[in-house]
Every structure is written in C-alpha cells, then in structure tokens.
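Visitor: What follows is a predicted protein model with its sequence.
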Amino acid sequence: MNYHNAEFVISAVSEKQFLTDLPEIVFCGKSNVGKSTLLNCLLGRRSLARTSSKPGKTAQINYFRIDKTCYFVDLPGYGYAKVSDAQLKKWAGYIEKYFENNDNKALVVLLTDMRHPPTGLDKQMFYTIADKEIPYIVVGTKLDKLNRTEAEKMKNFYREWCDENGTYFIPFSSVTGHGKEDIIDCIEQAIEERSK
Ligand SMILES: Nc1nc2c(ncn2[C@@H]2O[C@H](COP(=O)(O)OP(=O)(O)OP(=O)(O)O)[C@@H](O)[C@H]2O)c(=O)[nH]1
Ligand SMILES: [Mg+2]
C-alpha cells in the first residue's frame with residue numbers, strides 16, 4: 001500500500017455519512033494522546049490530519065482514503081474535561097453509533113500515553129473494543145518523553161497488561177519514528193486478513 005497516496009474524504013457528524021465501501025483502520029484514544037499525529041506520521045505527512053497541543057481538536061469522525069485500499073479513521077478523543085457536557089455527549093453518541101456497524105473494521109489502534117498507566121476511560125474503551133471482537137492493538141505514544149529507565153518500566157507494564165488482555169503492545173514516538181514500522185506491519189496484516 002502506498003501511504004503517500006492519501007486523501008481526506010469526509011468529517012462525518014451523522015450515521016448517514018459513515019463510509020462503508022473499504023476496510024477501516026481506526027485510531028482511538030483519549031484527547032491529546034496523539035491520534036492525529038500518529039496518522040500523519042504513518043502517512044509521511046505533516047498535517048493531513050489536524051493536530052493541536054490543545055486537547056479536543058478532532059471533533060468529528062474523519063475519514064482518510066489510503067491508496068484506494070482502506071480508510072484511516074481519526075476519532076474524536078475522550079476524557080477532555082474542558083469540553084461542555086453537551087459536546088461530550090455528542091461525541092460519545094458518534095462513537096457509539098460508529099461502532100454499531102463493524103463489518104468493515106479491520107483493526108482498531110488504541111492509543112495510550114506511555115507516561116502513564118491506562119486511565120479508567122482508556123480501560124473502558126479497550127474493553128468495549130475487545131468485546132466487539134474487532135482485532136485491536138495498543139500503541140503507547142510519546143515514548144520520547146520518558147528516560148530510558150522509565151521507558152523500560154512502562155514498556156514492561158504495558159506488555160504485561162496487553163498480554164493479559166490478549167493483544168499486542170507497540171511503543172511509539174512521533175519524534176523519533178520508533179514503532180512506526182511495527183504499526184505498519186500490523187495494519188498490512190489486518191488488511192490482508194480482511195481481504196481473505
Ligand atoms: N513528544 C511527542 N509529542 C507528541 C507525540 N504524539 C503526539 N504528540 C503531541 O501531542 C499533542 C496532541 O497531538 P494530537 O495528534 O493532536 O492528539 P489527538 O489525540 O489527535 O487529540 P484530539 O484530536 O484532541 O483528540 C501535539 O502537540 C503533538 O505534537 C509523540 O510521540 N511525542
Ligand atoms: Mg486529533
């Protein structure tokens with residue numbers, strides 16, 4: 001798959017706008033964890049998906065078509081307290097609707113900030129996905145912000161946690177690109193599985 005052949009398709013705000021014609025790779029995790037940044041890094045683009053140092057940047061379900069083969073789907077982040085309850089409810093509603101039809105979901109990439117253990121909301125999201133029997137992996141972002149000792153400690157923690165939950169952990173840094181190839185391998189494998 002040629003990751004450079006990527007285009008933004010739609011910011012969906014209602015069920016009617018959800019796309020269903022290609023397999024989907026879904027990026028999901030709390031606000032500010034680095035979903036849009038990871039997506040740009042995989043695509044080798046600086047700002048195809050808009051990023052921000054302020055949480056709450058991605059407010060719709062954004063679809064990017066990759067090489068006419070699959071969609072990368074950038075979900076709004078959860079857990080950001082400064083957004084109004086009404087807005088949070090709206091996002092939760094989109095996400096719930098989005099996971100109602102899982103026919104095309106090839107892989108969910110669950111992101112978590114490697115500096116911390118998963119939050120309650122992270123766990124809730126992870127278990128929800130696991131229940132739906134969609135293949136998923138956990139990616140720990142911001143590895144570059146940890147020193148070597150902390151990085152080893154958190155890698156071991158997450159590996160163990162993922163083992164217990166029947167999934168695979170990949171530490172990642174958008175600054176060094178660490179983990180990018182591993183994530184790409186998982187995506188390629190998931191798409192291959194889907195097309196069997
Ligand atoms: N140092 C470092 N910074 C990162 C990394 N990944 C993301 N960031 C930074 O974290 C901030 C948030 O990144 P985004 O990609 O916008 O986060 P998001 O998960 O899409 O956030 P929402 O759209 O609000 O849900 C930005 O300032 C990024 O530059 C990483 O691996 N290392
Ligand atoms: Mg975003």
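Guide: Yes, it's here. Numbering: from 1, shown residues only. Ligands and ions are numbered 1, 2, ... in the order given.

Visitor: Phi first, then psi, for the residue nearest the centre of the chain.
Guide: Compute the mean C-alpha point of the chain, and by Cα atoms, centre = their mean the closest residue is residue 27, 1.9 Å away. Here the main-chain torsion angles of residue 27 (degrees, to the nearest 10) amount to phi -110, psi 120.

Visitor: so residue 63, which of the three states?
Guide: For residue 63, the secondary structure call by DSSP: H, G, I helix; E, B strand; the rest coil comes out as strand.

Visitor: so residue 139, which of the three states?
Guide: With three-state DSSP as the basis, the three-state label of residue 139 is strand.

Visitor: That one pairs with what?
Guide: According to DSSP bridges, residue 111, residue 170 are recorded as the beta-bridge partners of residue 139.

Visitor: mind listing what it touches?
Guide: Residues counted as contacts of residue 139 (Cβ atoms under 8 Å, 6 or more residues apart in numbering) are 38, 109-112, 169-172, 179, 183. Heads up, the C-betas are built off the backbone N, CA and C, glycines and all.

Visitor: Measure how buried residue 146 is and give me the count.
Guide: Other residues lying near residue 146 total 18 when counted by other Cβ atoms under 10 Å.

Visitor: Quick check: the gap between it and ligand 1.
Guide: For residue 146, the distance to ligand 1 equals 10 Å [Cβ to the nearest ligand atom, to the nearest Å].
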